[in-house]
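In: fold the stuff below for me.
(4 chains)
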Number of protein chains: 2
Amino acid sequence: MTRPPPVPALQDHLGFWLRLVSNHVSHAFAARLAEREVTVAEWVTLRTLHARPPLSPSRLAAEISMTRGAITKLADRLIAKGLVRREADPEDGRAQTLALTPAGAALVPALAALADANDTAFFAPLDARERATMEKLLRRLVDAHGLAALPVD
Amino acid sequence: MTRPPPVPALQDHLGFWLRLVSNHVSHAFAARLAEREVTVAEWVTLRTLHARPPLSPSRLAAEISMTRGAITKLADRLIAKGLVRREADPEDGRAQTLALTPAGAALVPALAALADANDTAFFAPLDARERATMEKLLRRLVDAHGLAALPVD
DNA sequence: GAAAGATGATTGACTAGGAAACTACATCTG
DNA sequence: CAGATGTAGTTTCCTAGTCAATCATCTTTC
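Out: This is a model prediction of the structure:
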């Protein structure tokens, strides 16, 4: 008499809860950004380019963990919106640089306020100590697995 | 003399770390599943249908937080792979029911083992107490925001 | 019991991103 | 310095979702 192999529930995995909560925060944030016609990936790009010297698409791709192909399209969109400027690198005929336009730079603080508000509202059910604990544990996982400093995707 | 508005870094938000870690666990899991030619959404579907009475697409959509349109296509894929069966609901001319085929049911335990292995490996840097803490905090957020906590019932 | 509205599922148009092929330029090596 | 190899960016094709429109059926209401 063989019994069926035990199959743990989805909820038995910490990864499940992580994904559920993470998806929800991101979705809530995406909804706020959508009112400004900006996606999360676009926000991350704008924030990454903010107050820094121009960055090559490849470098940006690595920093925000997207492929170079995706950056080409993302940059196209941001350029079409007048938020980013693309220029040829004078020192390397293959390379480009991306930088914020004044309009892009002006938009960042407003979007940052949305990010703040979203984070504050979502994690309000935890007190300061608990939030610190959560960050500590998450950072431990990041360190232990050598994750790239930045996400998206 | 006005100074520029302060713009917090991406890393200053707990949501940032959550997304970074969550994306990584999910990606690692997706890579394991890919060897069996299964996506994460397909796994969640198979697991949800496992050892339960047939479920309508709408109900499934609600449980796994996807649109009905997405479920139609997801089900088409799983049916094409011979893992799921779709039948007309005899009691409601509009409705359908989805259930696992024997092949689908047989696949679930193998995929569940992958899920276990992935979760265990990823969260190994935390000890049991820390993992329990993390789950407790995540569940608190889920409850506080009334997130669709999947199955139940 | 007929019209109006609600609900279940599918479809088509659209979006964002990945993978891999491709182009152009750079660099290395003999 | 010529050919081989490497690198930056773009392009094409594909996948997997959402959203909105649609069709069929069920339910409600008068």
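
In: which stretches of chain A have low pLDDT?
Out: Applying pLDDT under 70 to chain A flags the ranges A:1-5, A:148-153.

In: again, only using 50
Out: A:151-153 (pLDDT under 50).

In: contact residues of it facing DNA strand D?
Out: Residues of chain A found near DNA strand D (CB under 7 Å from any atom of the strand) are A:56-59, A:68-69, A:71-73, A:75, A:86, A:89, A:92, A:94-97. In short, each C-beta sits where N, CA and C put it, glycine included.

In: what's the helix or strand for the residue of chain A found nearest DNA strand D?
Out: Going by CB to the nearest atom of the strand, DNA strand D is nearest to A:G69 of chain A, at 2.6 Å. Assessed by DSSP states H and E, A:G69 sits inside helix A:68-80.

In: residue boundaries of the strands in chain A?
Out: Using DSSP state E, the strands of chain A run over residues A:84-88, A:96-100.

In: just name the most buried of these.
Out: Among the strands of chain A, strand A:96-100 has the highest mean neighbour count (mean count of other CB atoms under 10 Å in any protein chain shown), at a mean of 19.

In: related to what we said a few turns ago, weed out the non-buried ones from the residues of chain A next to DNA strand D.
Out: Among these, the ones that count as buried by 16 or more other CB atoms under 10 Å in any protein chain shown are A:S56, A:P57, A:I71, A:A75, A:Q96, A:T97.

In: now do the same contact list for A:V38.
Out: Contact partners of A:V38, counting by CB atoms under 8 Å, 6 or more residues apart in numbering or on different chains, are A:L46, A:L107, A:L111.

In: what residues does chain A have near DNA strand C?
Out: So chain A meets DNA strand C at A:39-41, A:65-70, A:73-74, A:77, A:92-94, A:152-153 (CB under 7 Å from any atom of the strand).

In: ChimeraX command to pick out the buried ones of these?
Out: Applying 16+ other CB under 10 Å to these, the buried members can be selected in ChimeraX as follows:
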select /A:40,41,65,66,70,74,152
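
In: now chain A against DNA strand C: closest residue?
Out: Taking CB to the nearest atom of the strand, DNA strand C has its nearest neighbour within chain A at A:G93, 2.5 Å off.

In: how about the contacts made by that residue?
Out: A:G93 neighbours (CB under 8 Å, 6+ apart): none.

In: over to the one 10 residues further on?
Out: With contacts taken as CB under 8 Å, 6+ apart, A:A103 has the following neighbours: A:G82, A:L83.

In: got the contacts of A:V38 as TSV, with distance to chain B and neighbour count columns?
Out: Below are the contacts of A:V38 laid out as TSV (distance: CB to the nearest CB, whole Å; neighbours: other CB atoms under 10 Å in any protein chain shown):
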residue	distance to chain B	neighbour count
A:L46	10	20
A:L107	11	21
A:L111	9	20
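
In: please enumerate the helices of chain A.
Out: With DSSP state H as the criterion, chain A has helices at A:14-34, A:40-49, A:57-64, A:68-80, A:102-123, A:128-145.

In: quick one, which of those is packed in tightest?
Out: Of these, helix A:40-49 is the most buried (mean count of other CB under 10 Å), at a mean of 22.

In: off-centre distance for that one?
Out: 7 Å (CA atoms, centre = their mean, to the nearest Å).

In: hmm, who's touching it?
Out: Identification of contacts with helix A:40-49 by CB under 8 Å, 6+ apart yields A:26, A:29-30, A:33, A:38, A:55, A:60, A:63-64, A:66, A:70, A:74-75, A:77-78, A:83-84, A:98-100, A:104, A:107-108, A:111-112, A:115, A:150-153, B:7, B:9-10.

In: now with 7 Å, please.
Out: A:26, A:29-30, A:33, A:55, A:60, A:63-64, A:74, A:77-78, A:83-84, A:98-100, A:104, A:107-108, A:111, A:152, B:10 (CB atoms under 7 Å, 6 or more residues apart in numbering or on different chains).
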